[in-house]
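Undergrad: Could you look at this predicted model? Sequence included:
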There are 2 protein chains.
Amino acid sequence: MKAGFYQFNPGFGKKEDNIRKVVSAVKNAEVDFLVLPEFFATGYQFISPDEVAELAEPVPDGYTTEALSELSSERKIFIAAGLPERHGDKFYNSAVLTGPQGFIGVYRKTHLFFEENLYFTPGDTGFKVWNTEIGRIGIMICFDWFFPEAMRSLALSGAEVVAHPSNLILPHCPDSMPVRSLENRVYAITANRTGIENRKAGQSLRFIGKSEIVSPKGEILVRAPEDEEVLMAAEIDPGTAKDKKLNPFNDLFKDRRPEYYKPLS
Amino acid sequence: MKAGFYQFNPGFGKKEDNIRKVVSAVKNAEVDFLVLPEFFATGYQFISPDEVAELAEPVPDGYTTEALSELSSERKIFIAAGLPERHGDKFYNSAVLTGPQGFIGVYRKTHLFFEENLYFTPGDTGFKVWNTEIGRIGIMICFDWFFPEAMRSLALSGAEVVAHPSNLILPHCPDSMPVRSLENRVYAITANRTGIENRKAGQSLRFIGKSEIVSPKGEILVRAPEDEEVLMAAEIDPGTAKDKKLNPFNDLFKDRRPEYYKPLS
């Protein structure tokens, strides 16, 4: 199957424009699974609780999730995409998975980055994996990558493909994802954004692009440039991610020895 | 303090020669802590249980550990080095830590690689950290690096410097250690060997060199060439590894959320 990402520069607060841009990019793309950036429809740099309250949406009954479900249904594709979620009186940095039949599930970011901590509640969903007709899909969001436990948890739960909606600012992730894929033998699709946001004095955020798809062997199958709006895709075979064998003597999951790992709490 | 590694090509079974080579290399080196490769005094490619039985030694009362203790004491340095250990009727792929006062402790490799599984018992020490006058030192051996839980366990146990005696054949480790250091904010010293061993028909092992010292921020402070016998060192400040802060909002250890990580067993 063909998996891809759409890397672009969302305008802050311009949901309709940003979603229209995605719809247009997908129009000519041949993909079965598409990953979009974190906060793809709203932009990233919130500077007040009011802004979050204004732009966050319920899931699945919100404007963005409904638009994604519709796009999934029309194009018969799966989509993983990030959005600010309102749930009761809480706000989460979330990502939804939609498919040809509509909404499938939501993941709420476990590890919040930087000033996200001012506006969002740390996620309470844990690392979820959905068994779909195109493979077992897990989601983690941006900074989650920094914690090896995130992708490990997804892989141990059976994820074959990890969708990774991102708004990367630090330089480390693109060259680190091959390690994450290698140690867990899963596919990873990082969809990052481009552009600069400087909505707050003294805090200009430059997003580094370099979205990429990495194979279970840690090979970078495709990588986007730093500053180009582009939809890229690669042929992937999620079933191969079930195989954790490195050689006739080593299986990366069977070789784990949890009794010797430092207790997690 | 100054930490270093000695990367060289040990002759198989030639313990005296190999140790003499180390002693000679250390003679003109200014280091406080030296890391030597896995199986540095025996060579790597065992091809029968009899060979293992012949070359393995008790710890600490064996020839190699005593030679290392003596060298540590004479030069007033700490040394971490790999050797095959005999313990009762079992054999381990071990590494010892010695210091100016002699033997300090032993670590037994948790994750055995390839045909090591034919000759050795998986380690039963867990990931240990020793509080020394030059900093808190942990040890993992070669293939252990592949499992993020290894270095994580050491770091969560307070390791500031991770000694990593290795005999690397696969290409991934040198470019992956910066990720290990970055995610745990600790120093890592990988001491690999050079050369080729082809003691078994159809199984030529080429060791990739590229020993390196990596900072808690994932910077490669020094890296050896692929095929050169060389002692290299870098000034390091182990205390800085206590600081897990990434920015005013994120502390890589406090931000961990073990309740959402997949159970380890």
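TA: Right, received. Where do you want to start? Residues are numbered from 1 along each chain as shown, chains lettered A, B, ... in the order given.

Undergrad: Now for A:N117, which secondary structure element holds it?
TA: helix A:116-119 (DSSP states H and E).

Undergrad: What residues of that helix count as buried?
TA: Under the neighbour-count criterion of 16 or more other Cβ atoms under 10 Å in any protein chain shown, helix A:116-119 has A:E116, A:Y119 buried. All C-beta atoms are positioned from the backbone trio N, CA, C, and that covers glycine.

Undergrad: Check which helices and strands whatever helix or strand comes next after it sits against.
TA: Using DSSP H and E, the helix or strand that follows helix A:116-119 towards the C-terminus is strand A:129-132. Strand A:129-132 sits against strand A:90-99, strand A:102-108, strand A:135-139, with contacts defined as 3 or more Cβ pairs under 8 Å, 6 or more residues apart in numbering or on different chains; DSSP states H and E.

Undergrad: Skipping adjacent residues, who's closest to the closest residue to chain B within the stretch 1-150 of chain A in space?
TA: Closest to chain B within the stretch 1-150 of chain A is A:P148: 3.6 Å, counting by Cβ to the nearest Cβ. Take A:P148 and drop its neighbours on the chain: the residue closest to it by Cβ to Cβ, 6 or more residues apart in numbering or on different chains is B:P148, 3.6 Å away.

Undergrad: try A:N93
TA: Spatial nearest neighbour of A:N93, chain neighbours left out: A:K109 (4.0 Å); criterion: Cβ to Cβ, 6+ apart.

Undergrad: Settle this for me: that neighbour is touching A:G123, isn't it.
TA: Yes - contact criterion Cβ atoms under 8 Å: A:K109 and A:G123 qualify, at 4.8 Å.

Undergrad: In terms of neighbours, single out the busier of the two.
TA: Set side by side, A:K109 and A:G123 show more neighbours around A:K109, with 27 against 24, by other Cβ atoms under 10 Å in any protein chain shown.

Undergrad: who touches that one in this structure?
TA: Residues near A:K109 by Cβ atoms under 8 Å, 6 or more residues apart in numbering or on different chains: A:92-95, A:116, A:120, A:122-123, A:140-144.

Undergrad: Over to A:N9?
TA: Per Cβ under 8 Å, 6+ apart, neighbours of A:N9: A:R193, A:T194, A:G195, A:F207, A:E229.

Undergrad: swap in A:P84?
TA: A:F39, A:T42, A:F46, A:V52, A:L55, A:A56, A:E57, A:F91, A:Y92, A:N93, A:S94, A:F120.

Undergrad: Can you verify it is assigned to a strand?
TA: Yes - when the secondary structure is assigned by DSSP: H, G, I helix; E, B strand; the rest coil, A:P84 falls within a strand.

Undergrad: circling back: need the helices and strands packed on strand A:129-132 in JSON lines with mean neighbour count, can you?
TA: Compiled in JSON lines, those are given as follows (neighbours: other Cβ atoms under 10 Å in any protein chain shown):
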{"stretch": "strand A:90-99", "mean neighbour count": "25"}
{"stretch": "strand A:102-108", "mean neighbour count": "20"}
{"stretch": "strand A:135-139", "mean neighbour count": "25"}
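
Undergrad: TSV for those, including mean pLDDT?
TA: Below are the helices and strands packed on strand A:129-132 laid out as TSV (pLDDT from 0 to 100):
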stretch	mean pLDDT
strand A:90-99	98
strand A:102-108	98
strand A:135-139	98
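
Undergrad: Using TSV, please lay out those strands together with distance to B:D237.
TA: Shown next, in TSV, are those (distance: least, Cβ to Cβ, whole Å):
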stretch	distance to B:D237
strand A:90-99	35
strand A:102-108	38
strand A:135-139	38
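
Undergrad: Which of those sits closest to A:D175?
TA: strand A:135-139 (21.5 Å; Cβ to Cβ).

Undergrad: low-confidence ranges in chain A?
TA: Across chain A, the ranges flagged by pLDDT under 70 are A:263-265.

Undergrad: follow-up on the earlier one: now do the phi/psi pair for the residue of the stretch 1-150 of chain A closest to chain B.
TA: With angles defined as degrees, to the nearest 10, A:P148 sits at phi -60, psi -20.

Undergrad: Counting neighbours, what do you get for it?
TA: Neighbourhood size, A:P148 [other Cβ under 10 Å]: 22.

Undergrad: got a list of what it touches?
TA: Contacts of A:P148 (Cβ under 8 Å, 6+ apart): A:R180, A:E183, B:P148, B:E149, B:R152, B:E183.

Undergrad: Most neighbours among those, please name it.
TA: Neighbour counts for those, by other Cβ under 10 Å, peak at A:R180, which reaches 29 neighbours.

Undergrad: Can the host helix or strand of it be said to contact chain B?
TA: Assigned by DSSP H and E, A:R180 belongs to helix A:173-184. Yes - part of helix A:173-184 sits near chain B under the criterion Cβ under 8 Å from any Cβ of the partner chain, namely A:D175, A:S176, A:V179, A:L182, A:E183.

Undergrad: Distance to A:V161 for these - can I get that in JSON lines?
TA: Converted to JSON lines, the residues of helix A:173-184 next to chain B look like this (distance: Cβ to Cβ, whole Å):
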{"residue": "A:D175", "distance to A:V161": "20"}
{"residue": "A:S176", "distance to A:V161": "18"}
{"residue": "A:V179", "distance to A:V161": "17"}
{"residue": "A:L182", "distance to A:V161": "15"}
{"residue": "A:E183", "distance to A:V161": "16"}
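
Undergrad: neighbour-wise, which of those residues leads?
TA: Neighbour counts for the residues of helix A:173-184 next to chain B (other Cβ under 10 Å) peak at A:V179, which has 27 neighbours.

Undergrad: ok, now which ones touch that residue?
TA: A:V179 sits next to A:G218, B:H172, B:S176, B:V179 when contact means Cβ under 8 Å, 6+ apart.

Undergrad: The third one and A:S176, how far apart?
TA: Right, B:S176. Distance, B:S176 to A:S176, by Cβ to Cβ, to the nearest Å: 9 Å.

Undergrad: Pull out the buried positions in stretch A:184-202.
TA: Applying 16+ other Cβ under 10 Å to stretch A:184-202 flags A:184-195, A:197, A:199 as buried.

Undergrad: just the residues you listed now: which is nearest chain B?
TA: Of all the buried residues of stretch A:184-202, A:N184 has the smallest distance to chain B: 8.8 Å, by Cβ to the nearest Cβ.

Undergrad: How about that closest one: what's its closest non-neighbour residue?
TA: Nearest-residue entry for A:N184: A:A155, 3.7 Å, with adjacent residues in sequence omitted and distances by Cβ to Cβ, 6+ apart.

Undergrad: any idea how far A:E226 is from A:G11?
TA: As judged by Cβ to Cβ, A:E226 and A:G11 stand 19 Å apart.

Undergrad: returning to what we had before: just the contacts of A:K109 now: which is nearest B:G135?
TA: Using Cβ to Cβ, A:F143 is the member of the contacts of A:K109 that sits closest to B:G135, with 28.7 Å.

Undergrad: ok, that closest one - how many residues close by?
TA: Counted with other Cβ under 10 Å, A:F143 comes out at 26.

Undergrad: Please name the residues that touch it.
TA: Residues near A:F143 by Cβ under 8 Å, 6+ apart: A:K109, A:H111, A:L112, A:F113, B:N250.

Undergrad: Would you agree A:G126 is in contact with A:S153?
TA: Yes - A:G126 is within contact range of A:S153, at 7.4 Å (criterion: Cβ under 8 Å).

Undergrad: Looking at the two, which is more packed in?
TA: Taking other Cβ under 10 Å, A:G126 and A:S153 do not tie; A:S153 has more neighbours (24 against 16).

Undergrad: and that one, what helix or strand is that in?
TA: Using DSSP H and E, A:S153 falls within helix A:148-156.
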